[in-house]
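Visitor: Turn this into a model:
(one chain, ligands or ions: 2)
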Amino acid sequence: MERENAWKKYQKNNEVSKVMDFANGYKKFLSNCKTERECTSYFEKKARDRGFISIEEAIKKNKKLKTGDRIYATNMGKEIALFVIGKEDLSKGMNILGAHIDSPRLDLKQNPLYEDSDMALLDTHYYGGIKKYQWVTIPLALHGTIAKTDGTTVDFSIGEREDDPVFCITDLLIHLSADQMSKEAKKVVEGEDLNVLVGSMPFGDEIKKDADKKELVKKNVLNIITTYFENLDKENGNKKYNFREEDFMSCEVEVVPAGKARDMGIDRSMILGYGHDDRVCSYPTFEAVCRAKNPKRTVCGLLVDKEEIGSVGATGMSSRFFENTVAELINLYTDYSDLLLRRTLSNSFAISSDVSGAFDSIYSSAFEKKNSAYLGRGFAVNKYTGARGKSGSNDASAEYVGKIRSIFEDNDIYYQICELGKVDQGGGGTIAYIFGNYNMNVIDGGVAVLSMHAPYEVISKVDLYEAYKAYVAFAMNA
Ligand code: MN
Ligand code: MN
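Guide: Ligands and ions are numbered 1, 2, ... in the order given. So this is what the prediction gives:
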């Protein structure tokens, strides 16, 4: 079924500027938040500005939760859950919006720094599914956190401010690429060769001992890093800490494309940026949860980490964090029991949001036209996801799809129903099945993306806006 391009509706109703304004807020967020930690801090700060209090504060005050109360919980600085308490009893279930805030990237290894032929480089291990050849010869930035042995941590980013240096992974010149050009695409650039060039100037001070006169470029880089962290410590009012090479062991540094998200197209209808997967669902999810005031059912937004590597670990969707947080919530709401927790979860409704691969006419042979997501045709609903015969999929029931359709149609939401691509071409999973494990109704949905998982991905501004509207409609009406 082919739907009208969603811009038509906005053009008819003189609402194009509303879409552009929402997109501007998103662009700012996307430009500033390139890691799960940065997203979590951003959402936490914004949530506090908008009247949310942390669950720890609520527990300390022994707060009795009532309709309209706004609570949030973060987990290890990498994921956040938000709740707006509804009028109906909590055990009747929540309306949950889930999405993820981690994106494909390169992580520094724990022994990353080395020198070769008068150049200093950082070794990486890629995170999530990437086409490795896309990550060479583009400006890169470092975003990270260092946990020092004195117990303090420092967050930093280098490569985003106008006067910051940037970094790069080099590629072989075409003139000498006879061998490289005949390789398979997955071997053109190999994972072990994704090494970031960070320096080429030797240490300048006089060195006394002969033994210390080697690897002077690396020495210079380390010296600059030490000074950099000393200055950060000074700014943050921390004790001076002498950064040593071993401190990379307890660093998490993510190498990401440098620079801001930009309007794309002569008509400015699209946005080009790093990390739309899945921040293009996370941002409108957060905005929709914040908009909920005295909802009928309790509204929940859950923005998780580690989706790109299988939702594993303490901060991924498979962790007990969500369940534990809901247990704490119930305990603040009424007399806690395990049965109430189970009822609350299984009576909940969820939209598990993630990006969809948008139909690309240049690569049309990978898509099946009737069931593809199209840029500009609104919120992309997936009854199922998965690969090789729906494996790893949640597969929402027909009844639940019917319920979602009626909410969207009553609220004038532009939506399309789609799957990822041709049946045998591949596929992908999301966090939906983990919500499903609680026996709740859940459906996949999200925003269509061109060049998904590339350093710069493309989305349509109307799809972003329709996602926001879809989330508001679901939160208030499911
Ligand atoms: Mn995703
Ligand atoms: Mn992804």
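Visitor: Could you use CA atoms for every contact and neighbour count after this?
Guide: Will do.
Visitor: ranges for the helices of this protein?
Guide: For the chain, the helices defined by DSSP state H cover 6-12, 16-32, 36-49, 55-60, 178-181, 185-188, 216-236, 276-291, 321-333, 338-346, 398-410, 432-436, 461-477.
Visitor: show me what contacts residue 80?
Guide: Contacts here follow CA atoms under 8 Å, 6 or more residues apart in numbering; on that basis residue 80 touches 40, 43, 44, 72, 73, 74, 302, 303, 304.
Visitor: burial count for residue 164?
Guide: 10 (other CA atoms under 10 Å).
Visitor: What does it show for phi and psi?
Guide: Backbone geometry at residue 164, expressed as degrees, to the nearest 10, gives phi -70, psi 150.
Visitor: Distance-wise, check it relative to residue 157.
Guide: 10 Å (CA to CA, to the nearest Å).
Visitor: got the residues of the stretch 151-300 of the chain near ligand 1?
Guide: 277, 278 (CA under 5 Å from the ion).
Visitor: wait, which of the contacts of residue 80 is closest to ligand 1?
Guide: The shortest approach to ligand 1 among the contacts of residue 80 belongs to residue 304, at 10.7 Å (CA to the ion).
Visitor: shouldn't the closest one be in contact with residue 77?
Guide: No: look at residue 304 against residue 77 with CA atoms under 8 Å: they stay out of range, at 10.6 Å.
Visitor: who has more neighbours, those two?
Guide: Using other CA under 10 Å as the criterion, residue 304 and residue 77 rank with residue 304 on top: 29 against 16.
Visitor: May I see the helices of the chain arranged in JSON lines, with distance to residue 309 and mean neighbour count as well?
Guide: Shown next, in JSON lines, are those (distance: least, CA to CA, whole Å; neighbours: other CA atoms under 10 Å):
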{"stretch": "helix 6-12", "distance to residue 309": "33", "mean neighbour count": "15"}
{"stretch": "helix 16-32", "distance to residue 309": "21", "mean neighbour count": "17"}
{"stretch": "helix 36-49", "distance to residue 309": "13", "mean neighbour count": "19"}
{"stretch": "helix 55-60", "distance to residue 309": "28", "mean neighbour count": "14"}
{"stretch": "helix 178-181", "distance to residue 309": "29", "mean neighbour count": "11"}
{"stretch": "helix 185-188", "distance to residue 309": "19", "mean neighbour count": "14"}
{"stretch": "helix 216-236", "distance to residue 309": "30", "mean neighbour count": "17"}
{"stretch": "helix 276-291", "distance to residue 309": "13", "mean neighbour count": "26"}
{"stretch": "helix 321-333", "distance to residue 309": "18", "mean neighbour count": "19"}
{"stretch": "helix 338-346", "distance to residue 309": "25", "mean neighbour count": "18"}
{"stretch": "helix 398-410", "distance to residue 309": "28", "mean neighbour count": "15"}
{"stretch": "helix 432-436", "distance to residue 309": "14", "mean neighbour count": "23"}
{"stretch": "helix 461-477", "distance to residue 309": "24", "mean neighbour count": "25"}
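Visitor: show me the contacts for residue 289.
Guide: Contacts of residue 289 by CA under 8 Å, 6+ apart are 82, 83, 84, 299, 300, 301, 472, 475.
Visitor: how many neighbours does the residue of the stretch 301-450 of the chain found nearest ligand 1 have?
Guide: Closest residue of the stretch 301-450 of the chain to ligand 1, CA to the ion: residue 354 (4.8 Å). Per other CA under 10 Å, the neighbour tally for residue 354 reads 29.
Visitor: and the contacts of residue 80 as JSON lines, adding distance to ligand 1 and pLDDT?
Guide: Formatted as JSON lines, the contacts of residue 80 follow (distance: CA to the ion, whole Å; pLDDT from 0 to 100):
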{"residue": "40", "distance to ligand 1": "17", "pLDDT": "98"}
{"residue": "43", "distance to ligand 1": "18", "pLDDT": "98"}
{"residue": "44", "distance to ligand 1": "21", "pLDDT": "98"}
{"residue": "72", "distance to ligand 1": "23", "pLDDT": "98"}
{"residue": "73", "distance to ligand 1": "22", "pLDDT": "98"}
{"residue": "74", "distance to ligand 1": "20", "pLDDT": "98"}
{"residue": "302", "distance to ligand 1": "14", "pLDDT": "98"}
{"residue": "303", "distance to ligand 1": "12", "pLDDT": "98"}
{"residue": "304", "distance to ligand 1": "11", "pLDDT": "98"}
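Visitor: wait, what's in contact with the closest residue to ligand 1 within the stretch 51-200 of the chain?
Guide: Nearest residue of the stretch 51-200 of the chain to ligand 1 (CA to the ion) works out as residue 100 at 6.6 Å. Shown in contact with residue 100 (CA under 8 Å, 6+ apart): 278, 279, 281, 282, 303, 304, 305, 306, 307, 353, 354.
Visitor: And the furthest pair within those?
Guide: The span of the contacts of residue 100, defined through CA to CA, is set by 281 and 306 at 15.3 Å.
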